[in-house]
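A.B. asks: quick one: sequence and predicted model below, then my questions.
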Amino acid sequence: MMVTITPEEFEAMQNRIAGKQTAKKVKNKYKAKKTDYRGHTYDSKKEAEYARGLDLAMKVQAEGAPLSWERQVKKNVRINDKHICYYILDFEVTYSDRVEYIDVKGYKKGCAYSMFRLKKKLVEAYHGIEIKEV
């Protein structure tokens with residue numbers, strides 16, 4: 001009897017024999033699909049579409065259009081000189097008269113959303129900013 005295995009299964013067997021752990025591919029629990037836009041991978045299609053919208057608004061150069069934007073901006077929260085957490089904003093958008101901090105949300109339920117709300121409040125209080133949910 002001959003057994004056929006895939007190259008991935010063969011590699012996993014070799015790693016088990018050698019005592020190595022193999023990383024399993026984890027699906028997003030909210031069914032968000034990673035999406036590529038202009039050479040960057042975004043966590044969801046909605047996030048990539050928001051980036052595309054920012055680019056289009058900048059091209060128009062109308063009054064009130066963004067001057068620039070950054071993605072995945074890391075904010076630190078410290079209390080009493082102790083690091084509490086990092087918060088990664090989806091977008092930091094600079095206009096001529098202000099800076100907006102944006103977090104793109106597709107699913108607003110469950111434990112992950114509760115953690116997001118807590119971290120959002122910490123960052124807003126520590127940095128004196130307002131984070132908009134889109």
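C.D. replies: Happy to help now that I have it. Numbers count the residues shown, from 1 in each chain.

A.B. asks: drop to CA atoms for contacts and neighbour counts, all remaining ones
C.D. replies: OK.

A.B. asks: for the longest helix seen in the chain, name the packing helices and strands.
C.D. replies: In the chain, taking DSSP state H as the definition, the longest helix is helix 110-127. Judged by 3 or more C-alpha pairs under 8 Å, 6 or more residues apart in numbering; DSSP states H and E, the packing partners of helix 110-127 are strand 68-79, strand 82-94.

A.B. asks: let me know the average pLDDT across it.
C.D. replies: Per-residue pLDDT values across helix 110-127 average out to 92.

A.B. asks: pLDDT below threshold where in the chain?
C.D. replies: Within the chain, the stretches with pLDDT under 70 are 1-3, 20-31.

A.B. asks: ok, what's across the strand from Trp69?
C.D. replies: Counting by DSSP bridges, Trp69 is bridged to Val93.

A.B. asks: so who does it touch?
C.D. replies: 54, 91-94 (C-alpha atoms under 8 Å, 6 or more residues apart in numbering).

A.B. asks: would CSV of these with neighbour count be doable?
C.D. replies: Below are the contacts of Trp69 laid out as CSV (neighbours: other C-alpha atoms under 10 Å):
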residue, neighbour count
Leu54, 18
Phe91, 23
Glu92, 19
Val93, 18
Thr94, 16
